[in-house]
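Student: the sequence and its predicted three-dimensional model are supplied below.
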Amino acid sequence: MKFQTLTGFIVEKQAEYPGASGELTRLLNDIGTAAKFVNREVNRAGLGDVMGYAGEINVQGEEQKKLDVFANEQFIAALTDGGQCCAIGSEENEEIIILDNAHSKHAKYVVAIDPLDGSSNIESNVSIGTLFSVYLRRTVRGIATIEDFLQPGRNLVAAGYVLYGSSTVLVYTTGYGVNGFTLEPSVGSFILSHPGMKYPKGGNIYSINEANYIYFPEGVKQYVRYCQEDDKSTSRPYSTRYIGSMVADFHRNLIRGGIFIYPATTKNKQGKLRLLYECNPAAFLAEQAGGKASDGFRRILDIQPKELHERAPIFVGPTNMVDKAEEFMQKYSPEFRLG
Ligand code: AHM
Ligand code: MG
């Protein structure tokens with residue numbers, strides 16, 4: 001049987017680009033290695049002392065679970081060892097982490113990461129994930145700064161996620177399409193299983209936490225009603241699917257065809273999800289899979305971030321579905337435009 005590993009695939013792809021130095025290849029490989037360690041712990045999560053709170057509060061004011069801490073440490077360790085990354089911006093750390101050992105200090109990439117997203121789902125064995133963004137640093141040499149992270153998503157050189165689900169899948173893009181790899185647990189390798197991922201036509205899933213309905217902008221309320229109307233020609237009513245783990249919701253919608261929405265609300269005008277390491281990777285992947293990502297008014301990848309942990313509303317999925325949601329936002333909720 002012929003199969004292709006993640007490492008082999010990345011090396012092969014990089015070799016196709018003249019001038020490619022192999023640094024991004026090594027960096028993506030390091031992320032894949034850390035993901036295997038996280039996967040091992042996620043799979044053992046019910047077994048004892050991995051469960052529960054680590055007793056720390058993260059920068060978003062949420063209690064950290066032990067696995068969040070573990071995952072954060074794994075990705076930091078792998079990226080530090082790898083030497084291709086000079087700084088990390090993590091959901092778990094208020095400030096950027098400077099990797100200033102001899103080999104990392106002058107590395108050309110910075111990584112923004114949510115090491116373990118959806119971690120409130122761990123205790124109930126529901127899928128969770130890692131999301132990551134890779135930027136070329138802006139400063140040329142020396143110690144990285146926050147400016148290296150405050151770049152719009154259109155500057156991304158790579159982004160992806162790892163889904164720790166019924167199987168473990170790593171999906172990434174470097175701007176040349178989207179490819180997915182499934183972890184073969186007995187040999188410990190990610191194997192190419194989803195080459196050239198594209199949103200299927202005729203998607204009919206919408207994913208949103210409808211419990212927040214009363215706080216939704218009128219445009220979102222109208223869009224949700226639109227999803228629920230009866231119209232055979234557009235496969236409506238759609239189905240609603242909401243796991244509450246962004247990676248799992250996004251991955252299912254990419255495969256089955258659906259829109260994922262975490263909107264602004266009257267309580268949180270910026271929405272909930274973080275621009276740099278949640279919205280941007282999803283947006284880059286969506287565009288590369290033939291879809292679209294918007295905050296209701298603007299392309300997510302064009303938003304100029306002002307701070308590391310900034311939030312943004314997001315509508316992401318097949319282009320026709322996101323276009324329709326934008327239409328409702330612009331018609332009924334222009335006061336929610338952020339920039
Ligand atoms: P987290 O970073 O604290 O894990 O929160 C992010 C998660 C996403 O995975 C998910 O899409 C969203 O929060 C769900 O939020 P809600 O429970 O408000 O629907
Ligand atoms: Mg998160």
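Tutor: Yep, that arrived. Ligands and ions are numbered 1, 2, ... in the order given.
Student: most proximal residue of the chain with respect to ligand 2?
Tutor: Proximity of the chain to ligand 2 (CB to the ion) peaks at residue 117, 3.7 Å away. For every residue, glycine as well, the C-beta is placed using N, CA and C.
Student: how far away is that residue from residue 236?
Tutor: According to CB to CB, to the nearest Å, residue 117 and residue 236 sit 30 Å apart.
Student: comparing the two, which residue is more hemmed in?
Tutor: Neighbour totals were compared for residue 117 and residue 236, and residue 117 leads with 26 against 15 (other CB atoms under 10 Å).
Student: distance of the more buried one relative to residue 25?
Tutor: 25 Å.
Student: over to residue 115?
Tutor: For residue 115, the distance to residue 25 - CB to CB - is 21 Å.
Student: ditto for residue 277
Tutor: Distance of residue 277 to residue 25, computed by CB to CB: 21 Å.
Student: buried residues, stretch 6-19. List them.
Tutor: 6, 7, 9, 10, 13, 14 (16 or more other CB atoms under 10 Å).
Student: mind putting those into a markdown table with distance to ligand 2 and secondary structure?
Tutor: Below are the buried residues of stretch 6-19 laid out as a markdown table (distance: CB to the ion, whole Å; DSSP: H, G, I helix; E, B strand; the rest coil):
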| residue | distance to ligand 2 | secondary structure |
| --- | --- | --- |
| 6 | 23 | helix |
| 7 | 27 | helix |
| 9 | 27 | helix |
| 10 | 25 | helix |
| 13 | 28 | helix |
| 14 | 29 | helix |
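Student: show me where pLDDT drops low in the stretch 1-150 of the chain?
Tutor: Where the stretch 1-150 of the chain drops to pLDDT under 70, the residues are 1, 18-20, 46-58, 60-65.
Student: of residue 277 and residue 25, which one has the most company?
Tutor: The residue with more neighbours, out of residue 277 and residue 25, is residue 277; 27 against 20, by other CB under 10 Å.
Student: which residues touch the more buried one?
Tutor: Listed by CB atoms under 8 Å, 6 or more residues apart in numbering, the contact set of residue 277 reads 89, 90, 91, 112, 113, 114, 131, 132, 133.
Student: and the fourth one, how many neighbours?
Tutor: This points to residue 112. 30.
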